[in-house]
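Participant: Pasting the sequence and the predicted coordinates here, then a few questions.
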Amino acid sequence: MTGKQRQRLLGTVQVSLILAAIFVMLVPIAWIFLAAFKTHVDVYQLKLFFTPTLENFGTVFDDPYRLGEKLFNSTIVALVTVVIAIPIATLAAYSFSRFSLRGETLMLVIILATQFVPAVVIILPFFVMFRDIGLLDTRLGLILVNLAIVMPFAIWMIKGFIDGIPMDTEEAAMVDGSSRLQVIRNIVLPMAAPGLLTSGIFCFIIAWNEFLFALILTNKDAVTLPIGLALFKGEEGDLWNLLSAAGIIIMAPMFVLALMIRKYFVQGMTMGAVR
Amino acid sequence: MRDNTLKYLLVLPAVLVVFATAIWPLIEAARLSFTVGRLNRPGSLDQYLGWENYTWAFFEEPAFWNSVWVTAVYTVLTVGLTTILALGLALLLAPGGRLRSAAQTLLILPFAMSPALIGVSFRFMFNPEFGLFDAFFGVVIPPLADVSWLADPTLAFAVVVMADVWGWIPFLTLVLIGGLASVPRDTIEAAQVDGASGWRVFRDVTLPQLGPVLAVVIILKAIFSLKTFDQVFMLTNGGPGTATQTLSHYIYFNGMKYGQIGYSASVAWLMVIPMIFLTYAYAKFVFRKA
């Protein structure tokens, strides 16, 4: 075999491997997308060709499933979590980025470490407390515990963005007589806005997909979408066409959001350990 | 206001939130772990018990050791498989170009999926009657044609591992692609000019340069593997029997299903200990860069 032939063979092998990898990655997702448009008869067969129907999307919103309520809960919980977390995280991130504080490294390490505390450890005391003060099965309770998983990401991610903003504009404004708070509002916030939006979207995805807290804290009124999946376990087994329709409602919006912030996903997830 | 006061005021709300949502629960869970702690018995949450919950877990509960074993095997397998496959995929996709960039974009999708939904989707894929992966493995490995994956302890475990690996490969791949981009091109070219084979270049140049990034993803993946709950709950609910019962699932089951908050808090704390070491290792990498 000549060198050129070997090169070409190697290229073909690589392309086939890439295509195979894409296939394996997409098949479980595609299968859900297909099943969501199948009738309950078609879904129980390995069929690739079928007459698509939108019926499942209607059924999941009707009695007794009422997925609309869960969609509403998920949206409110994730949105309010982000709206609380981002401003608080921004102030802290600015301070961590621009000043040197006593115990700064310790604080940053603890914030980082909280992300790694197993959710099941955090939820036991919260369950007991919420039971006593009547916050079980409420959106408010869920928002409060969601802050536990979102805050560390938000602080670290926003700190990364603010670290990247040059300080000289701020210093010039201070010389001209602006106060520190004015500088934050008039200079830092506009420049950090895209980063804040990115962090907000990232945290929204995390809160939206959160499972264990909602499983333990909610049972009826505050049930979120991922927990709602359990509704489609009928007496005769899983209702796959409905599960799939609900699955699309859960994942499709997150796909759109994730693609919007795709460049920052890795950075956010590793909290600055990899750049 | 002087900056010296302001800088502490700015971090105060965040520190308070982190304290209330993460530090307080840890302390309270530690306290609960030394109590009788039965959900259905009023007052038992303050009834001091000493170390009995811990000794119970260690000496009287084979189910605890089972979940430790399941979690350990699960962590080793998922970390190993995910890292190796992701490294391969990263090497394949790193050169760029249209197909490879498209593949990189698609990789974000599984990662945006709720882990609970990944569990559901794999239960679907391995359904004995109409699961696509079930059918595929039935053709490729004929002895597996008629098995019911999730009813067999070993195979159910394999499915849980596969679901996890599938869900995490994209993230690790993207991180490693980033790491590969920072390996200096001229070092690689110099090695190639010296006549080193592709494998030697990878082993002697690329891999050492990739070391720190590789360490970071392995630690991070190990942390998430140890915590695994969502997919397991949706896929097998720990079954069949307790074949796939991870520590998180064991804690959930004892605490929420049997109402043994005190006991489950003690197991939860046992789980925090390896986390402390992993987090310490991780933090070292984060601050090395800063």
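Facilitator: On my side now, so go ahead.

Participant: need the contact list for residue B:29.
Facilitator: The neighbours of residue B:29, taking C-beta atoms under 8 Å, 6 or more residues apart in numbering or on different chains as the test, are A:121, A:122, A:124, A:125, B:265, B:268, B:269. C-beta here means a position set from N, CA and C on the backbone, and glycine is covered the same way.

Participant: hang on, isn't residue B:270 packed against residue B:56?
Facilitator: No: using C-beta atoms under 8 Å as the test, residue B:270 is too far from residue B:56 to be in contact (11.7 Å).

Participant: Identify the residue nearest the geometric centre of chain A.
Facilitator: In chain A, the residue lying closest to the centroid (C-alpha atoms, centre = their mean) is residue A:205, at 1.8 Å.

Participant: For that one, which non-adjacent residue is closest in space?
Facilitator: Excluding the flanking residues, the one nearest residue A:205 by C-beta to C-beta, 6 or more residues apart in numbering or on different chains is residue A:254, at 5.3 Å.

Participant: So for that neighbour, what's the pLDDT?
Facilitator: Looking at residue A:254, its pLDDT reads 93.

Participant: OK, contacts around it?
Facilitator: Contact partners of residue A:254, counting by C-beta under 8 Å, 6+ apart, are A:205, A:208, A:209, B:112, B:113, B:114.

Participant: Can I get the helix or strand that contains it in CSV? Just the C-alpha atoms.
Facilitator: Secondary structure from DSSP states H and E places residue A:254 in helix A:240-260. In CSV, the C-alpha atoms belonging to helix A:240-260 read as follows (Å, rounded to 0.1, in the frame of the first residue of the first chain):
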residue,chain,number,x,y,z
TRP,A,240,-44.2,4.9,26.1
ASN,A,241,-45.9,7.2,23.6
LEU,A,242,-47.0,9.5,26.4
LEU,A,243,-43.6,9.3,28.2
SER,A,244,-41.9,10.2,25.0
ALA,A,245,-44.2,13.2,24.4
ALA,A,246,-43.5,14.4,27.9
GLY,A,247,-39.8,13.7,27.3
ILE,A,248,-39.8,16.0,24.3
ILE,A,249,-41.5,18.8,26.3
ILE,A,250,-38.7,18.4,28.9
MET,A,251,-35.7,18.2,26.7
ALA,A,252,-36.5,20.3,23.5
PRO,A,253,-36.4,23.7,25.3
MET,A,254,-33.1,22.7,27.0
PHE,A,255,-31.6,21.7,23.7
VAL,A,256,-32.3,25.2,22.3
LEU,A,257,-30.9,26.9,25.4
ALA,A,258,-27.8,24.6,25.5
LEU,A,259,-27.0,25.3,21.9
MET,A,260,-27.3,29.1,22.6
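
Participant: about what we covered before: which one of the contacts of residue B:29 sits closest to residue A:31?
Facilitator: Using C-beta to C-beta, residue A:122 comes nearest to residue A:31 of the contacts of residue B:29, at 33.9 Å.

Participant: low-confidence ranges in the chain?
Facilitator: As the question left the chain open, I've gone with chain A. Applying pLDDT under 70 to chain A picks out residues A:1, A:47, A:234-236, A:271-275.

Participant: ah, no, chain B please
Facilitator: Applying pLDDT under 70 to chain B flags residues B:1, B:289-290.

Participant: ok, longest helix in it?
Facilitator: Taking DSSP state H as the criterion, chain B has its longest helix at helix B:62-93.

Participant: Packing partners of the longest helix along chain A?
Facilitator: Looking across chain A with DSSP H, the single longest helix is helix A:3-36. When contacts are defined as 3 or more C-beta pairs under 8 Å, 6 or more residues apart in numbering or on different chains; DSSP states H and E, helix A:3-36 packs onto helix A:240-260, helix B:62-93, helix B:98-106, helix B:108-112, helix B:115-125, helix B:153-181.

Participant: Kindly reformat those as TSV containing distance to residue B:146.
Facilitator: Listed next are the helices and strands packed on helix A:3-36 as TSV, based on distance: least, C-beta to C-beta, whole Å:
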stretch	distance to residue B:146
helix A:240-260	21
helix B:62-93	25
helix B:98-106	34
helix B:108-112	29
helix B:115-125	17
helix B:153-181	12
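
Participant: Of the ones you listed, flag the one that's most buried.
Facilitator: Highest mean neighbour count of these: helix B:115-125, a mean of 25 (counted as mean count of other C-beta atoms under 10 Å in any protein chain shown).

Participant: do the helix or strand following that helix and chain A meet?
Facilitator: Heading C-terminal from helix B:115-125, the first helix or strand you meet, by DSSP H and E, is helix B:132-140. Yes: for helix B:132-140, a contact with chain A is found by C-beta under 8 Å from any C-beta of the partner chain, at B:132, B:135.

Participant: Determine how far helix B:132-140 lies from the middle of the whole chain.
Facilitator: Helix B:132-140 sits 27 Å away from the centroid of its parent chain (C-alpha atoms, centre = their mean, to the nearest Å).

Participant: For it, give me every contacting residue.
Facilitator: A:27, A:31, A:46, B:122, B:125, B:126, B:127, B:128, B:144, B:145, B:146, B:149.

Participant: Over to residue B:281: give its phi and psi.
Facilitator: Backbone torsions for residue B:281, taken as degrees, to the nearest 10, come to phi -60, psi -40.

Participant: who's in contact with it?
Facilitator: By C-beta under 8 Å, 6+ apart, the contact set of residue B:281 is B:215, B:219.

Participant: Check residue B:180 too.
Facilitator: Contacts of residue B:180 (C-beta under 8 Å, 6+ apart): B:90, B:91, B:94, B:206, B:210.

Participant: With residue B:32 instead?
Facilitator: Listed by C-beta under 8 Å, 6+ apart, the contact set of residue B:32 reads A:124, A:125, A:128, B:45, B:261, B:262, B:265.

Participant: picking up where we left off before, now, which of the contacts of residue B:180 sits nearest residue B:73?
Facilitator: Using C-beta to C-beta, residue B:90 is the member of those that lies nearest residue B:73, at 25.5 Å.

Participant: hmm, back to that, and the two most separated of the contacts of residue A:254?
Facilitator: Top of the distance list for the contacts of residue A:254 (C-beta to C-beta): A:208 and B:113, 10.8 Å.

Participant: Which neighbouring residues are in contact with residue B:149, exactly?
Facilitator: Contacts of residue B:149 by C-beta under 8 Å, 6+ apart are B:126, B:128, B:131, B:134, B:155, B:156, B:158, B:159.

Participant: How about the backbone phi and psi for residue B:196?
Facilitator: According to degrees, to the nearest 10, residue B:196 has phi -70, psi 140.

Participant: for residue B:245, same thing?
Facilitator: phi -80, psi 100.

Participant: Count the neighbours of the closest residue to it other than its chain neighbours for me.
Facilitator: Leaving aside its sequence neighbours, residue B:245 sits nearest to residue B:238 (C-beta to C-beta, 6+ apart; 3.7 Å). Under the neighbour criterion other C-beta atoms under 10 Å in any protein chain shown, residue B:238 is assigned a count of 22.

Participant: quick one, strands of the stretch 151-275 of chain A?
Facilitator: A:233-234, A:237-238 (DSSP state E, counting those that start in this stretch).

Participant: Quickly compare those strands and say which is most buried.
Facilitator: Comparing the strands of the stretch 151-275 of chain A by mean neighbour count (mean count of other C-beta under 10 Å), strand A:237-238 ranks first with a mean of 13.

Participant: Quick check: of the contacts of residue B:32, which lies closest to residue A:216?
Facilitator: Using C-beta to C-beta, residue A:124 comes nearest to residue A:216 of the contacts of residue B:32, at 8.6 Å.

Participant: how much space between that closest one and chain B?
Facilitator: 5 Å (C-beta to the nearest C-beta, to the nearest Å).

Participant: What parts of the stretch 151-275 of chain A come near chain B?
Facilitator: Residues of the stretch 151-275 of chain A lying near chain B by C-beta under 8 Å from any C-beta: A:151-152, A:155, A:179-181, A:205, A:208-209, A:211-212, A:215-216, A:226, A:229, A:238, A:240, A:243-244, A:247, A:250-251, A:254-255, A:257-259, A:262, A:265-266, A:269-275.
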